[in-house]
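**Student:** output the structure for:
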Amino acid sequence: MTQKIVTLGGGTGSLMVLTGLRKFPDIEVTTIMAMADDGGSTGRMREEFDMPAFGGDFRDALVGLAENEDLAKVFMHRFENGGDLRGHSVGNIVLLGLFELTKGNIPKALEIAHNLLRVRGEVHPSTTDSIHLGCEYDDGTILTSQHEIDNTPKMNGKKVTKAFLHPIPTAYPKALEVIAQADKIILGPGDLYSNIVANILVDGIADAINSSKAQKIYVTNLMTKYNQTHDMKSSEFVEIVTNYLGGPLDYVIVNSSPLPEEINEKYKDEKWFMVEDDTTNNEDYTVIRDKLWLEGKEFKRVSSDVVPRSFIRHDPEKIAEIIANI
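**Tutor:** Now for the predicted structure:
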């Protein structure tokens with residue numbers, strides 16, 4: 001019997017989950033992308049072309065579900081030279097071209113991209129509005145863009161107390177429709193505020209998730225992120241997700257395997273650390289523990305990419321197997 005699975009997130013976390021789920025013939029996958037990214041290549045596109053965040057997160061999701069694997073590899077290539085092209089990925093440039101070709105019609109642009117990459121599943125925005133993510137910190141400081149939140153060293157370890165979107169966006173109707181029809185809804189993995197909370201905060205999304213009869217599953221992060229989730233343990237991630245969601249989860253998937261010390265050392269300059277597992281079963285959700293990181297493949301950072309990214313990722317086959325068998 002076919003399972004309808006909807007994921008909400010963005011970034012490389014979604015890429016890995018979708019890569020794993022795509023290989024299950026009895027799973028129909030739809031992913032809903034956060035729309036608040038304004039850093040790196042996507043941010044440059046937004047600023048120059050006055051457009052919503054139709055870039056890297058969508059590229060990752062399309063590639064994760066792509067059956068045209070050769071073209072998918074081309075989409076992920078990031079230019080390291082070339083002036084204005086430096087730092088952009090091929091996929092982002094193609095999406096920009098589709099955005100202009102369709103006169104800003106993101107659903108139509110995605111339909112063409114689906115056909116190009118032979119996407120097995122669907123990719124939708126949580127909203128088609130042009131929005132930004134903001135965060136308020138425990139000292140009262142307010143940052144009003146994802147780029148600032150990711151890259152402002154002056155915060156020096158302060159805690160996020162509130163995340164918000166501005167302006168307040170309306171949900172894309174198709175996103176609400178697929179959530180209502182889902183058998184399972186997957187939150188994460190991905191940046192807690194940029195990828196997960198930024199989806200939940202879209203007007204209508206949280207209500208749709210809570211009203212859905214689907215099983216709600218949260219995949220916790222592997223690493224903390226300085227200025228956002230530093231010093232947080234797995235239970236704190238879960239608490240923040242459920243607080244913004246306004247409703248319970250059914251399952252929480254947590255990594256239970258430590259990283260080799262040589263990998264931990266590479267993160268220390270950025271003050272990123274592996275998320276400590278302290279989550280316990282309760283009346284709302286069941287905890288599933290396993291080794292979730294992909295062993296034997298360390299991801300290299302491209303010199304032209306200004307966004308700090310993980311050296312390790314979730315294991316797509318392991319995550320997909322766990323989700324499929326719940």
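
**Student:** how far off centre is stretch 210-220?
**Tutor:** What separates the centre of stretch 210-220 from the centre of its chain is 16 Å, taken as CA atoms, centre = their mean, to the nearest Å.

**Student:** what residues does that stretch touch?
**Tutor:** 6, 13, 17, 179-180, 182-189, 209, 234, 237-238, 241, 245-255, 275, 279, 285, 292, 314, 319, 323, 326 (CB atoms under 8 Å, 6 or more residues apart in numbering). C-beta coordinates here come from the backbone N, C-alpha and C atoms, glycine included.

**Student:** select only the buried ones of those in PyMOL?
**Tutor:** In PyMOL, a selection of the buried entries from the contacts of stretch 210-220 looks like this (16 or more other CB atoms under 10 Å):
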select buried, resi 6+13+17+179+182+183+184+185+186+187+188+189+209+234+237+238+241+245+249+251+252+253+254+255+275+279+285+292+314+319+323
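
**Student:** surely Arg289 is within a helix?
**Tutor:** No. Counting by DSSP: H, G, I helix; E, B strand; the rest coil, Arg289 falls outside a helix, being strand.

**Student:** residues in contact with it?
**Tutor:** Arg289 touches Val254, Asn255, Ser256, Asp277, counting by CB under 8 Å, 6+ apart.

**Student:** can you check the pLDDT for it?
**Tutor:** Per-residue pLDDT puts Arg289 at 96.

**Student:** and if you look at Leu165?
**Tutor:** pLDDT, Leu165: 97.

**Student:** contacts for the helix or strand harbouring it, please.
**Tutor:** Taking DSSP states H and E as the definition, Leu165 sits inside strand 160-166. With CB under 8 Å, 6+ apart as the test, strand 160-166 has contacts from 36, 131-138, 144, 193, 197-198, 201-202, 228, 244.

**Student:** make it 7 Å
**Tutor:** Contacting residues not belonging to strand 160-166 are listed as 36, 131-138, 144, 193, 197-198, 201-202, 228 [CB atoms under 7 Å, 6 or more residues apart in numbering].

**Student:** list only buried entries from those.
**Tutor:** Looks like the contacts of strand 160-166 have 36, 131-135, 137, 193, 197-198, 201-202, 228 buried, using 16+ other CB under 10 Å.

**Student:** shaky segments in the stretch 51-200 of the chain?
**Tutor:** Within the stretch 51-200 of the chain, the stretches with pLDDT under 70 are 152-155.

**Student:** what about 80?
**Tutor:** The model of the stretch 51-200 of the chain has pLDDT under 80 over residues 82-83, 151-157.

**Student:** all strands of it, in order?
**Tutor:** 122-125, 132-137, 142-143, 160-166, 184-187 (DSSP state E, counting those that start in this stretch).

**Student:** show me what contacts Ile240?
**Tutor:** Ile240 touches Leu192, counting by CB under 7 Å, 6+ apart.

**Student:** shouldn't it be within a strand?
**Tutor:** No. Counting by three-state DSSP, Ile240 is not part of a strand but helix.

**Student:** burial count for His77?
**Tutor:** 12 (other CB atoms under 10 Å).

**Student:** look up the closest residue to it, ignoring the ones flanking it.
**Tutor:** Val90 (4.9 Å; CB to CB, 6 or more residues apart in numbering).

**Student:** now do the SS call for the closest residue to Gly56 other than its chain neighbours.
**Tutor:** Leaving aside its chain neighbours, Gly56 sits nearest to Thr42 (4.8 Å; criterion: CB to CB, 6+ apart). What three-state DSSP gives for Thr42 is helix.

**Student:** number of nearby residues for Thr42?
**Tutor:** 27.

**Student:** that one reaches Met51, doesn't it?
**Tutor:** No. Using CB atoms under 7 Å, Thr42 is not in contact with Met51; the gap is 9.5 Å.

**Student:** re earlier: what sits against the residue nearest to His77?
**Tutor:** Applying CB under 7 Å, 6+ apart, the residues near Val90 are Val74, Phe75, His77.

**Student:** closest to Gly83 out of those residues?
**Tutor:** Proximity of the contacts of Val90 to Gly83 (CB to CB) peaks at His77, which lies at 16.7 Å.

**Student:** where's the closest one relative to Ser41, distance?
**Tutor:** 12 Å (CB to CB, to the nearest Å).

**Student:** name the residues contacting each of the two.
**Tutor:** Ser89.

**Student:** which residue ranges of the stretch 101-250 of the chain form helices?
**Tutor:** Ranges of helices within the stretch 101-250 of the chain are 106-117, 146-151, 173-181, 198-200, 205-211, 234-245, based on DSSP state H, counting those that start in this stretch.
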